[in-house]
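Visitor: heads up, no residue letters with this:
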């Protein structure tokens, strides 16, 4: 049985009746991407204002995550390309998360590709050269786009090629914006843009949490004063147990 898809052929949690909620896990990343996770102890159900305490629910045991960092000189003009590979990110031994920077998007303040399985997300962080002294708010804009080509489709018509942002794409932009905006230092008045595209999608897991991680990594690599990066996970409540980053097949059961 195939999971429900949105109009671009990409599965999204809002398309199911499974109780899913997302918690933001704070991640301390050094300049070499060394990860250390910690969570805030509660989770908020998507679409509601109710909280559930994790201590009162059972969770499946997870294997400890491990990581490795590789640097090669196969970038443009023999420049360095840095690759972080995180194994057992959510307790699953398959499909590690691979974050790479230095190969594409080198003119952006920060750019990464995040790969898990056959899903590839490209995220960039850019900022204006001069600050806008007349404003009294953080000029941060976030865009997230799921391309038809990521699932091997092409919509007919020039204006319909990718179309206007779908509702779930707008909601994903908000998921990216909400945890990152408060972590940018007060007084930052440079116009800042976070852009991300789903270049490839394998229909195995939701891509919104991966987009949060990719944008956080791109912003952390840039010169935007981010206090600390974040990571995200989707948690499913299945048969009374908490399951971290469940696959689409598990979510529709």
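Guide: Thanks, I have the structure now. Quantities reported herein were computed from a predicted structural model and do not represent experimental measurements.

Visitor: quick one: name whatever helix or strand follows the helix or strand where residue 122 lies.
Guide: Using DSSP states H and E, the element containing residue 122 is strand 119-127. Following strand 119-127 in sequence order, the next helix or strand is strand 140-146 (DSSP H and E).

Visitor: and that following strand, what's buried?
Guide: 140, 142, 144-146 (16 or more other Cβ atoms under 10 Å). Placement of C-beta: from N, CA and C, glycine included.

Visitor: I would like the residues contacting stretch 106-119, please.
Guide: Applying Cβ atoms under 8 Å, 6 or more residues apart in numbering, the external contacts of stretch 106-119 come out as 75-76, 79, 95-101, 103-105, 120-127, 198-202, 204-205, 207, 210, 213-214, 217-224.

Visitor: same question, stretch 81-101
Guide: Residues from elsewhere that reach stretch 81-101 (Cβ under 8 Å, 6+ apart): 33, 35, 60-75, 102-103, 110-117, 204, 210, 213-214, 217-218, 221, 233, 244-245.

Visitor: how about 6 Å then?
Guide: With Cβ atoms under 6 Å, 6 or more residues apart in numbering as the test, stretch 81-101 has contacts from 33, 62-63, 65-72, 74-75, 102-103, 112-117, 217, 221, 244-245.

Visitor: and it, how far apart are its ends?
Guide: 6 Å (Cα to Cα, to the nearest Å).

Visitor: pLDDT on that stretch, on average?
Guide: In this model, stretch 81-101 has an average pLDDT of 84.

Visitor: report the buried residues of it.
Guide: So for stretch 81-101, counting by 16+ other Cβ under 10 Å, buried means 81-90, 92, 95-101.

Visitor: next one: stretch 167-185
Guide: Here stretch 167-185 shows 168-169, 171-173, 175-177, 179-180, 183-184 as buried, counting by 16+ other Cβ under 10 Å.

Visitor: what do you get for stretch 108-128?
Guide: Within stretch 108-128, the residues scored as buried using 16+ other Cβ under 10 Å are 108-117, 119-127.

Visitor: with stretch 216-224 instead?
Guide: 216-222, 224.

Visitor: identify, from the residues you listed, the entry nearest to residue 250.
Guide: Nearest to residue 250 among these, counting by Cβ to Cβ, is residue 216 at 25.4 Å.

Visitor: now name the helix or strand holding that closest one.
Guide: helix 208-221.

Visitor: now do that helix, average pLDDT.
Guide: 95.

Visitor: for residue 225, give me phi and psi.
Guide: Note on residue 225: backbone dihedrals following degrees, to the nearest 10 are phi -70, psi 80.

Visitor: kindly report the same for residue 177.
Guide: Torsion angles, degrees, to the nearest 10, at residue 177: phi -70, psi -50.

Visitor: identify the bridge partners of the closest residue to it other than its chain neighbours.
Guide: Of all residues not flanking residue 177 in the chain, residue 142 sits nearest, at 4.6 Å (Cβ to Cβ, 6 or more residues apart in numbering). With beta bridges defined as DSSP bridges, residue 142 has these partners: residue 194.

Visitor: verify the stated contact: residue 142 with residue 193.
Guide: No: using Cβ atoms under 6 Å, residue 142 makes no contact with residue 193, being 7.8 Å away.

Visitor: thinking again about what came up before, packing partners for the helix holding residue 216?
Guide: For helix 208-221, the packing partners by 3 or more Cβ pairs under 6 Å, 6 or more residues apart in numbering; DSSP states H and E come out as strand 110-116, strand 119-127, helix 167-180, strand 192-200, strand 230-238.

Visitor: if anything else comes up later, I'll come back, but that's it for now.
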